[in-house]
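J.: Here is my input; please provide its structure:
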Amino acid sequence: MTIKRNTALPLLLAVATVLSLSGCTAPRQSESLSMTGMYFDTVVTVEAWGTSREVLDHCEELCDHYESLFSRTLADSEISKINASEGQPVTVSDETAELIRLGLEYGDISDGYFDITIASASELWNFTDNEEKVLPDSEVLSEAVTHIDYRNVKVEGNTVTLTDPEAKIDLGGIAKGYIADRLKEYLESEGVEHALINLGGNMLAVGDRYDGTPFRVGLQKPFEPDGTTIAVLEVNDQSVVTSGNYERYFEKDGVIYHHILDPSTGYPVQNDLYQVTIISDSSVDGDALSTTCYALGLEKGMELIRNLDGVEAVFVTDDYELHLSSEDLPLTQ
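T.: You can find the predicted model right below:
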């Protein structure tokens, strides 16, 4: 299976860190500028070399714009308007229509393991401030699952219709990758050749570092403090996206309940994986595939990756063993 698109593609806790970003010894023009903001409930950072403050300011404006379109929690967003439509057609922007189409495409690629209508179940879980470690009511969750089916989303031009009026869209598994791609597209249009985009752990490199060396991206060791790495990847002009059960979770009666939900049950996926990292040219592909491959598990996930062109993966099982889709990956431990 090959991912091919004609469209130029310009939302998890941080699971990857950039190592040795500073330290360039070239002249003044090698100095970088950066922007940091809070969007999509996560910290977004863009660091770029050889550009202006105006370009970085516009990156912030783009983040604000896309959040206003894709957020499920902002009442005025286009996704919220679709979810509140009760099955009536909703006219949306080109970007929202395109992103939903991509989400539906990954529903097909994953045989439904990636499903953008997961919202009816995901909104019943609290993985952030659930001090009481309360599980959703099982009957309510079972009812919610009956409304999870990406095939109930129809997109015709810029019109989106939910054929199940109680279905709800959540683009959290794909939106940040899409936005990272758009930010990269914009930076390149402004002549930027060296930059690093970080949307809450979705890392996307524009070219290499200013000194010609690769960006070094550290993969966080599951369940360890931020900054503790299990491996380091070297990347040039590529995306690195990680999904894992340690990003947002709570533990109850010896069971880890995490944010990657099985669309068929509404409960967290249970398998022997701690983490999946996808290395690809496009961050939107990495975003969707990291979630998909985690849900599929090691064997089926690896099979999927090895049938895709230009995509590699690192799987970490619960014994902290690394499984690579290719021995040629530029990875060190």
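J.: any residues touching stretch 47-66, and which ones?
T.: 21, 24, 29-35, 37, 39-40, 44, 46, 95, 175, 178-179, 182-183, 186-187, 190-196, 206, 209-210 (Cβ atoms under 8 Å, 6 or more residues apart in numbering). Any C-beta I mention is one placed from the backbone N, CA and C, and that applies to glycine too.
J.: Which of these fall in strands?
T.: Using DSSP state E, the members of the contacts of stretch 47-66 that fall in strands are 32, 33, 34, 35, 37, 39, 44, 46, 194, 195, 196, 206.
J.: Which pair of these spans the longest distance?
T.: 39 and 194 (22.9 Å; Cβ to Cβ).
J.: Which of the two has more residues huddled nearby?
T.: residue 194 (23 against 20; other Cβ atoms under 10 Å).
J.: List the contacts of that one.
T.: 48, 49, 50, 206, 207, 208, 209, 210.
J.: tell me which residues form a beta bridge with it?
T.: Counting by DSSP bridges, residue 194 is bridged to residue 49.
J.: ok, so of the ones in strands among the contacts of stretch 47-66, who is nearest residue 91?
T.: Residue 91 has its nearest neighbour among the ones in strands among the contacts of stretch 47-66 in residue 39, at 24.4 Å by Cβ to Cβ.
J.: circling back: which one in the ones in strands among the contacts of stretch 47-66 is the model shakiest on?
T.: In terms of pLDDT, residue 39 ranks lowest among the ones in strands among the contacts of stretch 47-66, with 89.
J.: The closest residue to that residue other than its chain neighbours: helix or strand, and which one exactly?
T.: Closest residue in space to residue 39, ignoring its immediate chain neighbours: residue 63 at 4.5 Å, by Cβ to Cβ, 6 or more residues apart in numbering. Assigned by DSSP states H and E, residue 63 falls within helix 53-70.
J.: what comes into contact with the helix or strand following that helix?
T.: Where DSSP H and E defines the elements, the next helix or strand beyond helix 53-70 is helix 78-83. By Cβ under 8 Å, 6+ apart, the residues outside helix 78-83 that reach it are 69-74, 90, 92-93, 96, 119, 160, 162, 168-171.
J.: Do you have the strands of the stretch 201-333 of the chain handy? List them.
T.: 202-206, 215-220, 229-235, 239-244, 249-252, 255-258, 273-280, 311-317, 322-324, 331-332 (DSSP state E, counting those that start in this stretch).
J.: so where is this structure shaky, pLDDT-wise?
T.: Along the chain, the model assigns pLDDT under 70 to residues 1-30.
J.: that older thread, can you tell which of the strands of the stretch 201-333 of the chain is closest to residue 129?
T.: Using Cβ to Cβ, the strands of the stretch 201-333 of the chain put strand 249-252 closest to residue 129, at 9.8 Å.
J.: May I have the strands that pair with that closest one, each with its orientation?
T.: strand 255-258 (antiparallel).
J.: Now do the strand it pairs with: distance to the chain's middle.
T.: How far strand 255-258 lies from its chain's middle: 20 Å, per Cα atoms, centre = their mean, to the nearest Å.
J.: can you check stretch 285-305 too?
T.: For stretch 285-305, the distance to the chain centre is 13 Å (Cα atoms, centre = their mean).
J.: C-alpha coordinates for it, CSV please?
T.: Taking Å, rounded to 0.1, in the frame of the first residue of the first chain, the C-alpha atoms of stretch 285-305 are listed here in CSV:
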residue,chain,number,x,y,z
ASP,A,285,0.7,10.4,8.1
GLY,A,286,2.9,10.0,11.2
ASP,A,287,0.1,11.2,13.5
ALA,A,288,-2.5,8.8,12.2
LEU,A,289,-0.2,5.9,11.8
SER,A,290,1.3,6.1,15.3
THR,A,291,-2.2,5.8,16.8
THR,A,292,-3.2,3.1,14.3
CYS,A,293,-0.1,1.0,14.8
TYR,A,294,-0.5,1.2,18.6
ALA,A,295,-4.1,0.0,18.3
LEU,A,296,-3.1,-2.8,15.9
GLY,A,297,-0.3,-4.1,18.1
LEU,A,298,3.2,-5.1,17.2
GLU,A,299,2.6,-7.8,14.6
LYS,A,300,-0.2,-6.2,12.6
GLY,A,301,1.3,-2.8,13.1
MET,A,302,4.7,-3.8,11.8
GLU,A,303,3.0,-5.6,8.8
LEU,A,304,1.2,-2.3,7.9
ILE,A,305,4.3,-0.2,8.1
